[in-house]
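how does the following fold in three dimensions:
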Amino acid sequence: MERPDDSSLINRIMMDNEYFEDYVVTNIIEEIVDLRLDKAIKEVGVCGCKRCRADMLAYALNHLPPKYVVSIKGDVYSRLSTYSNQKQAELTVAITEAVKTVGKNPSHPEGHPITENK
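Model prediction:
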C-alpha cells in the first residue's frame, strides 16, 4: 500500500470538516464575564434588559484584555476556574464598573427597557 506524502495528508485532513468541527476558538474572558454578569446586575439593582446587558458586556470586555483558547465545544467552562485570584478580582472590578456605568446611563429612556431585538 502506498503511503501518502505529507502535503496530500494535510490537504485531506484540512478538507475533512469532522476533524475540525469539534474545536472552537473562544475568548474565555467573554465567557466568564457573560456568566457573572446577571449576578452583578441583580446585586447592583439596575436594568438588565437585553440592550443594557449587551452594553454592560461590551463595556466590561473593552476594559479587559482578551484571552483566547482552543477547546472542544462545550469544554470552555472547565477552564474558568483556572484563573488566579488577582485575575478574578480584575474581572469583578470590570464587571461591577460596567454594571454601574451602564445602569446610570442606559441606552433607553428611564422605565422603558428594551426586551426584544429591534
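
helices or strands next to the host helix or strand of Ala89 in the packing?
Using DSSP states H and E, Ala89 sits within helix 85-104. Contacts defined by 3 or more Cβ pairs under 8 Å, 6 or more residues apart in numbering; DSSP states H and E place helix 85-104 against helix 28-44, helix 50-62. For glycine as for every other residue, the C-beta is placed from the backbone atoms N, C-alpha and C.

in the shortest one, what counts as buried?
Of the residues in helix 50-62, those buried by neighbour count under the rule 16 or more other Cβ atoms under 10 Å are Arg51, Cys52, Arg53, Asp55, Met56, Leu57, Tyr59, Ala60, Leu61.

coming back round to it: looking at the helices and strands packed on helix 85-104, which is nearest to Gln88?
With Cβ to Cβ as the criterion, Gln88 lies closest to helix 28-44 of these, at 8.6 Å.

helices and strands around that closest one, which ones?
For helix 28-44, the packing partners by 3+ Cβ pairs under 8 Å, 6+ apart are helix 50-62, helix 85-104.

out of these, flag the one nearest Ile41.
The nearest among those, by Cβ to Cβ, is helix 85-104 at 5.7 Å.
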